[in-house]
Each structure stands twice: as C-alpha cells, then as structure tokens.
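Asks: Give me a model of this one.
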Amino acid sequence: MCPKTSDILSPLIHKNNQTLPPILDVKPPKSNLSLATKEAIAIARIAIPMILTGLLLYSRSVISMVFLGHLGDLSLAGGSLAIGFANITGYSILSGLAMGMEPICGQAFGAGKYTRLGLCLQRTVLLLLCTSFPISILWIYMKKILMACGQDQEIATMAQTYLLYSLPDLLAQSFLHPLRIYLRSQSITIPLTFCATLSIFLHIPINYLFVTKLQMGIKGVAISSVLTNFNLVASLIIYIMISGVYKKTWDGISRKCFKGWCSLLNLAIPSCISVCLEWWWYEIMILLCGLLVNPKATIASMGILIQTTAFIYIFPSSLSFSVSTRVGNELGAGQPDEDIIALTSLVLPIIGLCELGNCPQTTGCGVLRGTARPRIGANINLGCFYLVGMPVAIVLAFFMGFDFQGLWFGMLAAQMSCMVVMLVVLVLTDWDFEAHRAKELTHVGGNYDRDNNDFVSKDVDNVGTDFRTSDVHDIIKQEEKCKLIKVANEVQESMGLGDYLV
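Replies: Coordinates of the predicted model:
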C-alpha cells in the first residue's frame, strides 16, 4: 500500500521546543592550576592520614626512649646502640625489601589487576620471613661484633640484652610492612591511623607494666615494643577481614606465590639498597660516637637527635616542634644529664638545615620508587652519603677538632648534595617514557586482541624492570598501530562494510 501524501510531506525531523544536545560534548580544557589543585587534594587525602600514622608510631619510640631514660644513662646508651644496630642489620633491610612491592601493587591497582596485590603481598611476606632468619643470627652475636668494633663493654652488654628480647619483632615487621603497603596502594590510609592509635594507647600501660611494675629494666622496654607491633599487625588483619577489603584482591594462599619472583626482586633489592644506604649513615654515626672521648653522653645524645630527625622527617613543616621532641626524650624523672643536653642543643640548629635538604630528597626517592626506578635512588644515596657525607663527617669530627658537631656537618653535606642531584634527575625525567614502562610492568604486553579492541595483558611476574629505550619505542609504535586498527574497526562497523575493510 502506498503511503499517504501527508506522510510523504511530513518532515523527517519533527520540530519541538527542546534544544537537541550536541553530538560531541566538547568540554573546555581544564587549566593547569585546577589540575594541580585536584592532584594536590588527592595527594593530601593519602598523605595526611599517613602523617598522623607516622606521628603516632613516632610517639611510640619517644615513649620507649622516656622509659629508657628513667633507667639511667647506661640503659639509654645501650638501648640507643641496640636500636641503631637493629636498624642497620634488620629493620632497614626489611623496610627496603618491602618497598619493592610498592610500584607493583600501586600500578597493578591502578590497572585493575586486583588479584596481583594479594599475590604480591604473599610473596613479600615470604621474602621478609626468609630474610629474618640470617638477621636473627646476626643479632644473637651482636655483642661480639660491637666489641670487635671497639665499643664500650658495658654499653655493648646492655645493647645485646635489648636485641635478644627484640627478636620476635622481626616476625611482626615481616607482616607489618607488607600490610601497610598493601593498604596504602589502595589509598586506604585512615584505618591505618586508627589501628596505630589503638596500639599506641596500649603501648604506655604495657611499658608501665613491664618496666615499672615488674621491674624488668631494658628487657621490659624491648618486650613492650614487640607487643605493640604485634597489636598493630593484629588490628590491621582484623580490619582487612571485617571490612572485606581482601575480597577483590585475595584468591587465597596460592602456589603461585612461590613462582615469578623476578619482578619483585628486581624492584625489592635496589629499593633495599637505597633505603639502607640512607638509614645506615645515621646508625654508623652512632657507632662513631662510641669512639669519641665521652661515649655514653655522645651515644645517648645521638639517639635523642635521631629521634628528632625522625620527627621532622615525618612532618617537615613541624621543625619548631623539635624542642618538644627534645623534652620528650629527657632523661629520667626530670633530672636530665647536663652533658647530653649541651651536646643535643649544640647540634639541633645543624639538624634544621639538614632537614631542609632531606624533605625534597625524600620526596624524590618516593617518585623514583613509584616509577619503578629504585636503582637510581640507590646510586644517588651511595654517592652523596658515602662519597660526600661520610668523608666530610670523619675529617671534621676526628681530624679538624669539630668532634660531635663534625658528624652532623657531614650529614648536612650529604643531604644538600643528595637534594641537588635528586632534583636534577626529576627535572630530566621523560614522563611519557615512564608511562609506557608502567604499562609494560603491569598490564600491557603489546599484543592486540582485535575481537575485543583491547590489549592482551602480559603476566607481570615475567616482566623485569630493566627496559631498553628501543624496547619502549617498539611498544609505543605498536600501541599507535593498535589504535589505528581500533579506529578502522569502528569506521568499518559504522559504514556497514562488514569484513570488506581490512
């Protein structure tokens, strides 16, 4: 039947009072200022809870130092030496190795590869547990090592006692570091703050019980620190289980965690070296203090000063609170040692200058870890701390009469040189190049699935971190080719050409 004349003459598009939306909704480009503001807010949401967590964990060490101070100069010096030795041989290694999972988890989470977070968590815990065994053996023979280094026998004996009762802390740290990174890579930071708050509230009564009531002395301080860390680990695990955070990232304990360690080790070992090179510098200063004229006073003062730098390190803009930190580390019952106070007050202004260089340097190290380039950070720390800072410290302290101050002038030289080199590296970074390295590390393997118009993922476990420039350029060319194929497929479908367009 033929259509009516009215139907033929009717317009193909009916007019109405509504304005048709544009086919392409073109949005004005955002200004650099708005993008920077948005990024700053996103960073602050993660950073502020982490700062609070760091301050809470720092207060734990302050509480321990206060209880050590109540026990006298010998206990404070022995505890400071033990903590320094533990940092050199244990905590710095575990912390550095755990940082190897940061770029993998962070980039995998951003790419939507959630199960890899759980797998990487299992591997990192296993790695830290295996590393803890040789560390524990080293701690058992600590006294002999310290005596061979020329340390005072009484201080070495006290330090040995502290470390023996701190051995279970290696187990706690093997779980604590990976769990914190696992949550942080998912931008989950506020629960970390609450868990840290709970553990700190328990830390004071635990110390009071073991040190004051049971009169266990330096043993009680060590046991209290261990129990506080186990409380923190337990609270984090309870949160993960109750909140259901693990559901999309955890497929259960898998045999896969025993395979594919290359990508983790390629990142963990350089990260560990970078962290250790910086941590060890501080702790070597404690060992050098034991060789000065008044070892008890200088070691105790160095322990207090390192606590001060740790506070500024957590919250750089809080430089003025270093005095409060100093007060928090006063020795026993409101009767601090005058020699220690004099040494500490003398060096505090130098610490302020050190931290002005430490802040950008630390941030730069974080950028290098995030871009899976920890080896560059390790090389910078090696050169600046040990080829610049260490010679300056030794020459000034032992040969030019600066004594205790000379050690910290060496730190100042190391921090400033490290800051300059780090900023140069960041300015010269090719961010497009690093973006393609991230794709290679996490999910883009270069193969293209024509049916799904998408890239086929590679297994991250088989991807290393040493990329050549030619490899990345090949990836870029391959991606451009795949994009052209994708556009051609869309045109093919819109024109109804079927399989005639190749």
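Asks: Below-threshold pLDDT in the stretch 51-200 of the chain: ranges please.
Replies: 107, 110-111 (pLDDT under 70).
Asks: one more time with 90
Replies: 51-124, 141-159, 177, 180-200 (pLDDT under 90).
Asks: after the helix or strand containing residue 130 comes which helix or strand?
Replies: Assigning secondary structure by DSSP states H and E places residue 130 in helix 115-140. Downstream of helix 115-140, the first helix or strand assigned by DSSP H and E is helix 142-148.
Asks: helices or strands up against that following helix?
Replies: Contacts defined by 3 or more Cβ pairs under 8 Å, 6 or more residues apart in numbering; DSSP states H and E place helix 142-148 against helix 73-86, helix 153-164. (C-beta placed from N, C-alpha, C; glycine too.)
Asks: So residue 165 is in contact with residue 219, correct?
Replies: Yes - here residue 165 reaches residue 219: they are 5.0 Å apart, a contact under Cβ atoms under 8 Å.
Asks: tell me which helix or strand of this protein sits lowest on mean pLDDT?
Replies: Least confident helix or strand, the chain: helix 322-328 with a mean of 28, by mean pLDDT, DSSP states H and E.
Asks: sorry, back to before: same drill for residue 165 and residue 219, tell me which one is more crowded.
Replies: Between residue 165 and residue 219, counting by other Cβ atoms under 10 Å, residue 165 is the more crowded of the two (20 against 17).
Asks: hmm, back to that, and the helices and strands packed on helix 142-148: which comes nearest residue 232?
Replies: Nearest of those to residue 232, taken as Cβ to Cβ: helix 73-86 at 17.3 Å.
Asks: okay, that closest one in CSV with CA atoms only?
Replies: Backbone C-alpha positions of helix 73-86 (Å, rounded to 0.1, in the frame of the first residue of the first chain) are rendered in CSV as follows:
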residue,chain,number,x,y,z
ASP,A,73,72.5,6.8,81.2
LEU,A,74,73.8,3.2,80.6
SER,A,75,70.4,1.9,79.7
LEU,A,76,69.7,4.8,77.4
ALA,A,77,73.1,4.5,75.7
GLY,A,78,72.7,0.7,75.4
GLY,A,79,69.2,1.0,74.0
SER,A,80,70.2,3.6,71.5
LEU,A,81,73.1,1.5,70.4
ALA,A,82,70.9,-1.6,70.1
ILE,A,83,68.3,0.3,68.1
GLY,A,84,71.0,1.6,65.8
PHE,A,85,72.4,-1.9,65.3
ALA,A,86,68.9,-3.2,64.7
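Asks: where along the stretch 151-300 of the chain do the strands fall?
Replies: For the stretch 151-300 of the chain, no strands are identified by DSSP state E, counting those that start in this stretch.
Asks: Pop out the phi and psi values for residue 247.
Replies: Here is the backbone geometry of residue 247 (degrees, to the nearest 10): phi -60, psi -40.
Asks: How many residues are close by it?
Replies: Residue crowding around residue 247 was assessed by other Cβ under 10 Å; the count is 10.
Asks: Next, work out how far apart it and residue 177 are.
Replies: Using Cβ to Cβ, to the nearest Å, residue 247 is found at 23 Å from residue 177.
Asks: What helices and strands are in contact with the helix holding residue 130?
Replies: Applying 3+ Cβ pairs under 8 Å, 6+ apart, one finds that helix 115-140 contacts helix 92-98, helix 101-110, helix 153-164, helix 168-184, helix 262-289.
Asks: Tell me who's in contact with residue 160.
Replies: 82, 142, 143, 146 (Cβ atoms under 8 Å, 6 or more residues apart in numbering).
Asks: how near is the residue nearest to residue 132 when sequence neighbours are not counted to residue 211?
Replies: Once flanking residues are discounted, residue 132 sits nearest to residue 170: 4.1 Å by Cβ to Cβ, 6 or more residues apart in numbering. The gap separating residue 170 from residue 211 is 22 Å, by Cβ to Cβ.
Asks: Which parts of the stretch 201-350 of the chain are helices?
Replies: With helices called from DSSP state H, counting those that start in this stretch, the stretch 201-350 of the chain shows them at 218-243, 262-289, 295-314, 322-328, 338-370.
Asks: ok, of the ones you listed, where does mean pLDDT dip lowest?
Replies: Note on those: helix 322-328 shows the lowest mean pLDDT, a mean of 28.
Asks: can you count the residues close to the residue nearest to residue 78 when sequence neighbours are not counted?
Replies: Once flanking residues are discounted, residue 78 sits nearest to residue 158: 2.6 Å by Cβ to Cβ, 6+ apart. Residues near residue 158, counting by other Cβ under 10 Å, number 25.
Asks: For the remainder of this discussion, apply numbering that starts at 353.
Replies: OK, 353 is where the count begins now, so the last one is residue 510.
Asks: In this structure residue 510 contacts residue 435, no?
Replies: No - counting by Cβ under 8 Å, residue 510 stays clear of residue 435, with 11.8 Å between them.
Asks: quick one, phi/psi of residue 517?
Replies: phi -80, psi 0.
Asks: Which residues are in contact with it?
Replies: Residues near residue 517 by Cβ under 8 Å, 6+ apart: 571, 574, 575, 578.
Asks: mind redoing it with 10 Å?
Replies: Shown in contact with residue 517 (Cβ atoms under 10 Å, 6 or more residues apart in numbering): 434, 562, 568, 570, 571, 572, 573, 574, 575, 576, 577, 578.
Asks: how close does the residue lying closest to it once chain neighbours are set aside get to residue 507?
Replies: Excluding the flanking residues, the one nearest residue 517 by Cβ to Cβ, 6+ apart is residue 574, at 3.9 Å. For residue 574, the distance to residue 507 equals 15 Å [Cβ to Cβ].
Asks: Settle this for me: residue 569 is touching residue 513, isn't it.
Replies: Yes - with contact defined as Cβ atoms under 10 Å, residue 569 reaches residue 513; the gap is 8.2 Å.
Asks: which neighbours do these two share?
Replies: Common contacts of residue 569 and residue 513 (Cβ under 10 Å, 6+ apart): residue 427.
Asks: closest one to residue 540 among the helices and strands packed on helix 494-500?
Replies: For residue 540, the closest of those is helix 425-438, at 28.5 Å, according to Cβ to Cβ.
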